[in-house]
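**Student:** A predicted structure for the sequence below; I have some questions about it.
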Amino acid sequence: MADYRQMWTDLGMDLEKHDILCQVLPDAFGSVYLSQENRPEGMDYFNFVVAEIHGVRPSELIAHQQKGGKVFGTFCVYVPDEVIFAAGAIATGLCGGSQFWVPGGEKVLPANTCPLIKASVGARLDGTCPFFKIADMYIGETTCDGKKKAWEILNEHVPVHVMDLPQMKRAKDIKAWEDEIKILIQRVEEQCGTKITAASLAENIKLINGKRQALARLYNTRKNSPVPISGKDVLLITQIAFYDDPARFTEQVNALCDELDARIAKSEGVIPADAPRILITGTPMAIPNWKLHHVLESSGAAVVVEELCTGTRYFENPVDESKTTIDEQIKALAERYMKINCACFTPNTGRIDDILRLVKEYKVDGVVDCNLQFCGTYSTESYLVDRALKEAGIPVLHIETDYSDQDFEQLRTRVQAFLEMLEK
Amino acid sequence: MTGKIYNYYILFPNHNEGLRAHKALKTAGIKCTIAPTPREASTSCGISLLLAGDCLEQAQKIILARGITTLGIAKIEKKTNPGFKSC
């Protein structure tokens, strides 16, 4: 129960406003997470991270800066963290998953902007997120129009380096992404006053691959029936992956997986084996957006996999570790990151292939395709996703929602009707 | 009989003491959960240890024996149907 008020004051945060968030977090976390029965003991570490979310990690980032290190805030799974860590800097996620930050964003953005962008901008402008205040530079990308305009606003406060993500996946587009990574390297080197070498990049490719492997191991445990861990717990872990120290995070996830392996050996689960198994696909769920998982799992379903940026898109496909020169490593990074299937690409059939593959791998009974309001690319792509799933005989429910509680009961009604339809 | 169930939150001056207590209680086989400190317990944020009442006495003995500093214990009624609250 440390008192971080001095640190927040030094960062120039609005303490009074921030306190409103501190006030509601324990109850929100309690209602969604601590109300679960038979949670794995290894979740205690992740409870700790949430309890200290604006305290411990921000303190570590500030300590890093006091030793001359830099901190880069990132928004998207296309940004190669390997480059940032290879320069001796730290990459961290920023705030953007709460309704609390949305009104601050609406002061400068149209109301019909997606809640993720509004919350991110609001968190910065309202001074209620330490990560936004700490970061020396933000790394943006061109995954949607709303973000592209948001960078211009944020750039008035903190330098924003924007990576120009190609929107197609031809060979020349992968090459273009390789060039963007080279430009990022230059910018990060300038900011840090250090040189990224083949050795430092190799070390950090391995570090981030370690995190990916731990997450893949965690997700694989959910292929079992009954599932040894709830979907909402895995969502929380994935959300924390964007903020935590990568080595510590990997160690904690692997320790949890040891516990889950023991549960699997005893056929011990947290949700009955006959519960409908659900795949969620769609837009990212930034912390503390736990709404859809809570609706589903409190209605009797088991969320067994997420085809989301806060899901498989984040960790599938490791970077090739065999490359020894910096040019080869950059190419390997570009190839890996361009395998992520985001709706900003055209065509984006790889995402549909991924969903159909995951349905089989995780023995999914039904898919919930959920996008945040005003996300044009994902809501448009839902037509193709829904059609492909129906053709494959897989029940699908499309949901559009935001961060507020207002539609919670309406969502529950729709989800319950969908689950009844799936009943075996 | 009121029928009310209570949770007990052990409060700490910093997270290091909280993590020491968590480790000590887990080693002793006492069921406890790291939780964000409820606002009813303190106006400061950060971790607390959540316990059921039947473990409390033993937990207090262990914490005392290990010389772990606490800021006391908060008794808070357990919400039987917490519903959904976003933040």
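**Tutor:** Nice, thanks for sending it over. Model, not experiment: these values are computed from the prediction. Numbering: from 1, shown residues only, chains lettered A, B, ... in the order given.
**Student:** contact residues of chain B facing chain A?
**Tutor:** With CB under 8 Å from any CB of the partner chain as the criterion, chain B meets chain A at residues B:11-15, B:18-19, B:22, B:26, B:33-39, B:42, B:44-48, B:50, B:71, B:79, B:82-87. The C-beta positions use only the backbone N, C-alpha and C, and glycine is treated the same way.
**Student:** please redo it, this time with the cut-off set to 6 Å
**Tutor:** For chain B, the residues in contact with chain A under the definition CB under 6 Å from any CB of the partner chain are B:11-12, B:14-15, B:34-39, B:42, B:44-47, B:82, B:84-87.
**Student:** chain B contacts on the stretch 1-150 of chain A?
**Tutor:** That would be A:1-3, A:22-29, A:31, A:34-35, A:44, A:47-48, A:51-52, A:98, which are the residues of the stretch 1-150 of chain A within reach of chain B (CB under 6 Å from any CB).
**Student:** make a ChimeraX selection of the buried ones in the residues you listed.
**Tutor:** The buried subset of these, as determined by 16 or more other CB atoms under 10 Å in any protein chain shown, is captured in ChimeraX by this line:
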select /A:1,2,22,24,25,26,27,28,29,31,34,35,44,47,48,51,52,98
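**Student:** next step: the residues of the stretch 1-150 of chain A next to chain B restricted to strands.
**Tutor:** Among the residues of the stretch 1-150 of chain A next to chain B, no residue falls in strands (DSSP state E).
**Student:** so which of the residues of chain B next to chain A sit within strands?
**Tutor:** B:11, B:34-36, B:47.
**Student:** now the residues you listed in a markdown table, with neighbour count?
**Tutor:** Output for these, formatted as a markdown table (neighbours: other CB atoms under 10 Å in any protein chain shown):
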| residue | neighbour count |
| --- | --- |
| B:Leu11 | 20 |
| B:Ile34 | 24 |
| B:Ala35 | 25 |
| B:Pro36 | 27 |
| B:Ile47 | 31 |
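**Student:** show me where the stretch 101-250 of chain A has its helices.
**Tutor:** With DSSP state H, counting those that start in this stretch as the definition, the stretch 101-250 of chain A shows helices at residue ranges A:102-106, A:115-125, A:130-134, A:145-154, A:171-192, A:198-221, A:231-241, A:246-265.
**Student:** would you mind finding the most buried of those helices?
**Tutor:** Taking mean count of other CB atoms under 10 Å in any protein chain shown as the contact definition, the stretch among the helices of the stretch 101-250 of chain A with the greatest mean neighbour count is helix A:115-125, which reaches a mean of 27.
**Student:** quick one: list the elements packing against the longest helix anywhere in chain B.
**Tutor:** Determined from DSSP state H, the single longest helix within chain B is helix B:15-27. Applying 3 or more CB pairs under 6 Å, 6 or more residues apart in numbering or on different chains; DSSP states H and E, one finds that helix B:15-27 makes contact with strand B:47-52, helix B:56-65.
**Student:** 8 Å instead, please
**Tutor:** Counting contacts by 3 or more CB pairs under 8 Å, 6 or more residues apart in numbering or on different chains; DSSP states H and E, helix B:15-27 packs against helix A:43-51, strand B:47-52, helix B:56-65.
**Student:** relative to helix B:56-65, how tilted is that helix?
**Tutor:** With axes from the mean of the first three to the mean of the last three CA atoms, to 10 degrees defining the directions, helix B:15-27 sits at 120 degrees from helix B:56-65.
**Student:** so, low pLDDT: which residues of chain B?
**Tutor:** Counting by pLDDT under 70, chain B has low-confidence residues at B:1-2, B:82.
**Student:** at 50 instead, please
**Tutor:** Along chain B, the model assigns pLDDT under 50 to residues B:1.
**Student:** how about residues contacting the host helix or strand of A:Asp327?
**Tutor:** Here A:Asp327 is covered by helix A:326-337, with elements defined by DSSP states H and E. Identification of contacts with helix A:326-337 by CB atoms under 8 Å, 6 or more residues apart in numbering or on different chains yields A:78, A:80, A:82-83, A:174-175, A:177-178, A:181-182, A:185, A:196-198, A:201-202, A:205, A:317-320, A:323.
**Student:** off-centre distance for that helix?
**Tutor:** When C-alpha coordinates are averaged (CA atoms, centre = their mean, to the nearest Å), helix A:326-337 and its chain have centres 22 Å apart.
**Student:** separation between the closest residue in space to A:Glu60 that isn't next to it in sequence and chain B?
**Tutor:** The spatial neighbour of A:Glu60 that comes closest, neighbours along the chain excluded (CB to CB, 6 or more residues apart in numbering or on different chains), is A:Asp245 at 7.0 Å. Distance, A:Asp245 to chain B, using CB to the nearest CB, to the nearest Å: 15 Å.
**Student:** spit out the contact partners of the residue nearest in space to the middle of chain A.
**Tutor:** Closest to where the C-alpha atoms of chain A average out (CA atoms, centre = their mean) is A:Thr310, at 3.3 Å. Contact criterion CB under 8 Å, 6+ apart gives A:235, A:238-239, A:242, A:284-286 as the residues in contact with A:Thr310.
**Student:** now A:Met43
**Tutor:** A:33, A:229, A:233, A:236, A:256.
**Student:** picking that back up, among the helices and strands packed on helix B:15-27, show me which one is buried the most.
**Tutor:** A comparison of the helices and strands packed on helix B:15-27 by mean neighbour count, using mean count of other CB under 10 Å, puts strand B:47-52 on top with a mean of 24.
**Student:** state the pLDDT value of the residue nearest to A:Glu60.
**Tutor:** The per-residue pLDDT reported for A:Asp245 equals 98.
**Student:** so how many other residues sit close to it?
**Tutor:** Residues near A:Asp245, counting by other CB atoms under 10 Å in any protein chain shown, number 14.
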